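S.K.: sequence first, then the predicted structure, then my questions.
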Amino acid sequence: MTKLRYRRLAAKIAGAFALAVAMPVIAHASMTLLVEQPYGKLGIFDPGGHSAVYLDRVCAETPTKLRPCGAGELGVVLSRYDGIGDHDWLAVPLVPYLYAVDSTMDIPLTMTRAGEAQLRDAYRKRYLESLAPDAPNGAPPPGNWYELIGSSYDRTIYGFRVRTTADQDAMLIAEFNDSRNKESYNGFYRNCADFVRVTINRVYPHAIRRNYIADLGISSPKLAARGLAHYAKKHPETGLSVFVIPQVPGDLPRSRSNTGVTEGVVRRYGLPLVLLSPEAAGVVLVAYVARGRFEMPKGAPELDLDQLQAQLAISQPFPIALPAMPEPQVPTVVEGDVATVRTVPALQPASMLH
């Protein structure tokens, strides 16, 4: 074991001990809107970036089936993708989603392009072969499967976290497991931000709406966060908090800031648009100023995975099995007018885990 792993293990043990003393029970779960910065060529032509939902008390039994987490598990990231196994949404555990490794102990401090490709392909071979099988020559296949893992090597990610209850998490598990998970991606009306909008609205109805002014009706990750932040101001019970997951240092290009639709037009094409059509430029500018301005949180705390794991290790929001139902007393008429009572055997509920 390297010195780095020893330090991380010691920090994790110390954190778990401190939290066990200070926080014996965590009262609520949470769901987080992840706003991921654009990178590479996508950062030039599509500056909106990517968005996903992180659930800290829901885990992935498979990439297409959810279950309640056990104690200490870190939850799952759900998102809509284009062209991965013909599925509308896919589920990946948090640590692999961010770093393409199984354990926080294995997260590298720096990353190279070759190292990123190697980690991603190794994880694909272990867990995602059914979604992205080897190419005929044994090489990694083409396609967007790489977006499922190692996201923090390519970009910085902001999190907007709100509270959920065990009942709400159970509802999400049931709805996703029972849904028709068939790809129907559309960049205009069924994109990743639309998936986030619909998912969060299942718990907090109307929290995020399409922005027909600043986004021209096309959902964007940044303005989805704007909508949730504005909703949380009016509904403090959401318990909104924010965090950032920095891009891992290394020789990979740095990601760029997220923009909404009209913000992207103003920032990148404002001057040419003014020269071509001052009236159109004015309309776009007004739309952005009126309904599109939103600053990503500056100075937000970094997500501490070791501390998070220590918190979740002493929390069990889902019971292993539902408690036995009390045996109801049902009156039964027998001889004459005398009423007696008989006992109806209790129903034995199934486990919530399976």
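M.R.: Alright, I've got the coordinates.
S.K.: how about the helices of the stretch 1-150 of the chain, start to end?
M.R.: In the stretch 1-150 of the chain, helices defined by DSSP state H, counting those that start in this stretch lie at 3-22, 42-45, 94-99, 113-127, listed in chain order.
S.K.: what comes up buried for stretch 115-135?
M.R.: Across stretch 115-135, burial judged by 16 or more other CB atoms under 10 Å covers 115, 116, 119, 120, 121, 123, 124, 127, 128, 131, 132. C-beta here means a position set from N, CA and C on the backbone, and glycine is covered the same way.
S.K.: excluding chain neighbours, give the residue nearest to residue 91 in space.
M.R.: Among residues not flanking residue 91 along the chain, residue 60 sits closest, at 4.0 Å (CB to CB, 6 or more residues apart in numbering).
S.K.: so what pLDDT did the one you found get?
M.R.: The predicted local distance difference test score for residue 60 is 95.
S.K.: for this protein, name the helix or strand with the lowest mean pLDDT.
M.R.: For the chain, scoring each helix and strand by mean pLDDT, DSSP states H and E identifies strand 339-343 as the least confident one, at a mean of 38.
S.K.: isn't residue 94 up against residue 74?
M.R.: Yes: taking contact to mean CB atoms under 8 Å, the distance of 4.5 Å between residue 94 and residue 74 places them in contact.
S.K.: where does pLDDT dip in this protein?
M.R.: Low-confidence segments of the chain, defined by pLDDT under 70: 1-28, 41-46, 187, 211-217, 258-294, 315-354.
S.K.: all strands for it, in order.
M.R.: Secondary structure of the chain (DSSP state E): strands at 29-36, 50-55, 58-62, 65-68, 76-80, 89-93, 157-164, 241-245, 329-333, 339-343.
S.K.: which one, of those, ends up nearest to residue 178?
M.R.: Judged by CB to CB, the one of the strands of the chain that comes nearest to residue 178 is strand 65-68, at 10.5 Å.
S.K.: pull up the pairing partners for the closest one, direction included.
M.R.: Neighbouring strands of strand 65-68 in its sheet, by DSSP bridges, are strand 58-62 (antiparallel).
S.K.: got the contact list for the strand it pairs with?
M.R.: For strand 58-62, contacts defined as CB atoms under 8 Å, 6 or more residues apart in numbering pick out 66-70, 73, 75-76, 91-93, 169, 172-173.
S.K.: so which of the buried residues of stretch 115-135 comes closest to residue 201?
M.R.: Top of the list for closeness to residue 201, among the buried residues of stretch 115-135 and by CB to CB, is residue 131 at 27.3 Å.
S.K.: need the buried residues of stretch 115-135 in a markdown table with distance to residue 306, can you?
M.R.: Supplementary listing: the buried residues of stretch 115-135 in a markdown table, determined by distance: CB to CB, whole Å:
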| residue | distance to residue 306 |
| --- | --- |
| 115 | 22 |
| 116 | 22 |
| 119 | 20 |
| 120 | 23 |
| 121 | 27 |
| 123 | 21 |
| 124 | 26 |
| 127 | 23 |
| 128 | 26 |
| 131 | 29 |
| 132 | 30 |
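S.K.: of those, closest to residue 200?
M.R.: The shortest approach to residue 200 among the buried residues of stretch 115-135 belongs to residue 131, at 25.1 Å (CB to CB).
S.K.: isn't that closest one right up against residue 145?
M.R.: Yes: here residue 131 reaches residue 145: they are 6.1 Å apart, a contact under CB under 8 Å.
S.K.: which neighbours do these two have in common?
M.R.: residue 84.
S.K.: sorry, back to before: which strand residues bridge the residue nearest to residue 91?
M.R.: Beta-bridge pairing for residue 60 (DSSP bridges): residue 66.
S.K.: now it: how far from residue 93?
M.R.: With the distance defined as CB to CB, to the nearest Å, residue 60 ends up 6 Å from residue 93.
S.K.: what residues are shared contacts of the two?
M.R.: Contact criterion CB under 8 Å, 6+ apart; residues shared by residue 60 and residue 93: residue 76.
S.K.: between these two, who's got more neighbours?
M.R.: Residue environment comparison for residue 60 versus residue 93 gives the larger neighbour count to residue 60, 24 against 19, counting by other CB atoms under 10 Å.
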